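Enquirer: structural data only, the sequence is not supplied:
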């Protein structure tokens, strides 16, 4: 394994719970009362897919335009709610070890725009030097494999030599569709069994626990 | 099975995600950066136990007094955040069917004071007529069995004839310690496997799905 591709929200940054609350408020404002757990278990998909499928499951199908309005409103509410962006335990250390060890790595996120900038800043990632692929860079978001495939292309690695780390089953499914192995982390609030059932071959509590096993995963020789 | 004892937050009311964000903010204000998933997976315990164990796991042990301050601040932040209290899908219908069918039932919660009042109001529960046992009514909170035992006593039923419904593994563990069977619901964001592994013999998505199986569970004859 030569490269590591990491999801952002829930994998490196502790943002999932605020995102869920912001989505709930955005849905509630347009009269769509949607259970929080339904939003939670969709988070990590593209915003358009989350909005459309959560609304449909709750029995209130919405059109594209309404979906876009909901996404914009979600972004506003999220920025009001999450004034401080916090890295998950060990995330900054994980990124430092990858840089120090010259391990090819990339960040792959279904997020967009200002939310990503604030998260990268909290993680100490210099976007001019790091490989970051976001929703707007590809045609289809997770669970489609496009974002991970774009990362591999930028790292100039074949899919078989890329390992994906993610917190949501959409990361695991997208990784498998891209022909990549995947490990899970618990920072997004999925249970370990859900990630294993989706196809993660190992699950870590935090990015710090993943950082401590980079050698076991074949990404970094123990110094 | 003759009586149903239900947890409140995450089981009947859609409040877990806002509670997690409020706890995170309360911890952050006193310089304790605690991962959201660690709070989430402790929610449903008493507030004092949640504060103490989450802080300890993050490497910042706190004393009783600091724990109480955190709980008060969490309550304030939660009330600011969750201005509208929303029943989970089918929760109002579940309670109505229990009343209409004269099934003995109780609500058992680790919460306190004003949060509970707002939740009961959203559920249409008249506290002067319903059986409600809260944190302050017993010496020890979940995962100790005291709250469920107090409910059974108020319903005048033996433990073996009470079924517990909860969203957190602390509900399942407390039910087993009380000698009661337990079913899970997904409204609190735990995965199905986590609830089954804790000992839930069946897991429903929503309170509405539980309401539709009251006959299967032996609580209500199909009309």
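Expert: Perfect, thanks for sending it. Note that the coordinates shown come from a computational prediction; the quantities given were computed from them, not determined experimentally.

Enquirer: check contacts around the nearest residue to residue A:13 once chain neighbours are set aside.
Expert: Excluding its sequence neighbours, the residue lying closest to residue A:13 (CB to CB, 6 or more residues apart in numbering or on different chains) is residue A:119, at 4.5 Å. Glycine gets a C-beta too; all of them are placed from N, C-alpha and C. Contacts were defined as CB atoms under 8 Å, 6 or more residues apart in numbering or on different chains; by that measure residue A:119 touches A:8, A:9, A:12, A:13, A:15, A:85, A:111.

Enquirer: next helix or strand past the helix or strand hosting residue A:119?
Expert: Using DSSP states H and E, residue A:119 sits within helix A:113-123. Counting by DSSP H and E, the element after helix A:113-123 in chain order, helix or strand, is strand A:131-133.

Enquirer: which strands border that next one, and is each parallel or antiparallel?
Expert: Note on strand A:131-133: by DSSP bridges, its sheet partners are strand A:105-108 (parallel).

Enquirer: quick one: distance of the strand it pairs with to the chain centre.
Expert: Centroid separation between strand A:105-108 and its chain, computed with CA atoms, centre = their mean, to the nearest Å, is 10 Å.

Enquirer: what's the burial count for the nearest residue to residue A:178 once chain neighbours are set aside?
Expert: Distances taken as CB to CB, 6+ apart place residue A:145 nearest to residue A:178, at 3.6 Å, with adjacent residues excluded. If you count neighbours by other CB atoms under 10 Å in any protein chain shown, residue A:145 ends up with 21.

Enquirer: and the residue in chain A that chain B sits nearest to, how close does it get to residue B:208?
Expert: Using CB to the nearest CB, the single residue of chain A nearest to chain B is residue A:191, 3.0 Å away. The gap separating residue A:191 from residue B:208 is 22 Å, by CB to CB, to the nearest Å.

Enquirer: neighbour count winner among these two?
Expert: When residue A:191 and residue B:208 are compared on other CB under 10 Å, the one with more neighbours turns out to be residue A:191, at 22 against 16.

Enquirer: which residues are in contact with the residue nearest to residue A:86 when sequence neighbours are not counted?
Expert: Leaving aside its chain neighbours, residue A:86 sits nearest to residue A:14 (4.6 Å; criterion: CB to CB, 6+ apart). Neighbouring residues of residue A:14 by CB under 8 Å, 6+ apart: A:86, A:87, A:88, A:187, B:24, B:35, B:36.

Enquirer: is the fifth one in contact with residue B:36, as I believe?
Expert: By that I understand residue B:24. Yes: if you go by CB atoms under 8 Å, residue B:24 and residue B:36 touch, sitting 5.6 Å apart.

Enquirer: list the residues that contact both of these two?
Expert: A:14, A:17.

Enquirer: can you give the domain ranges for chain A?
Expert: Chain A is divided into the following domains under automatic domain parsing: A:3-14+A:85-211, A:16-81.

Enquirer: pick out the shakiest of those domains, pLDDT-wise.
Expert: Averaging pLDDT over each of those singles out domain A:16-81 as the lowest, with a mean of 93.

Enquirer: can you give me the end-to-end span of that domain?
Expert: End-to-end span of domain A:16-81 (CA to CA, to the nearest Å): 12 Å.

Enquirer: now swap in stretch A:30-42 and tell me
Expert: Stretch A:30-42 has an end-to-end distance of 19 Å (CA to CA).

Enquirer: what's the answer for stretch A:19-37, then?
Expert: Start-to-end span of stretch A:19-37 (CA to CA) is 12 Å.

Enquirer: same check, this time on stretch A:136-154
Expert: End-to-end span of stretch A:136-154 (CA to CA): 15 Å.

Enquirer: that one: how far from the chain's middle?
Expert: Distance, centroid of stretch A:136-154 to centroid of chain: 12 Å (CA atoms, centre = their mean).

Enquirer: just the buried residues of it, please?
Expert: A:138, A:141-152, A:154 (16 or more other CB atoms under 10 Å in any protein chain shown).

Enquirer: close to chain B: what parts of chain A are there?
Expert: Applying CB under 8 Å from any CB of the partner chain, we find that chain A lies next to chain B at A:14, A:16-18, A:20-21, A:24, A:28, A:33, A:35-37, A:40, A:58, A:81, A:84, A:86, A:88-89, A:186-191, A:193-194, A:197, A:206.

Enquirer: count the residues that sit near residue A:64.
Expert: A count of neighbours around residue A:64, defined by other CB under 10 Å, yields 10.

Enquirer: how close does it get to residue A:49?
Expert: 11 Å.

Enquirer: from memory residue A:180 sits against residue A:163, does it?
Expert: Yes: taking contacts as CB under 8 Å, residue A:180 lies within contact range of residue A:163: 6.8 Å.

Enquirer: shared neighbours of these two, anything?
Expert: Counting by CB under 8 Å, 6+ apart, the shared contacts of residue A:180 and residue A:163 are residue A:5.
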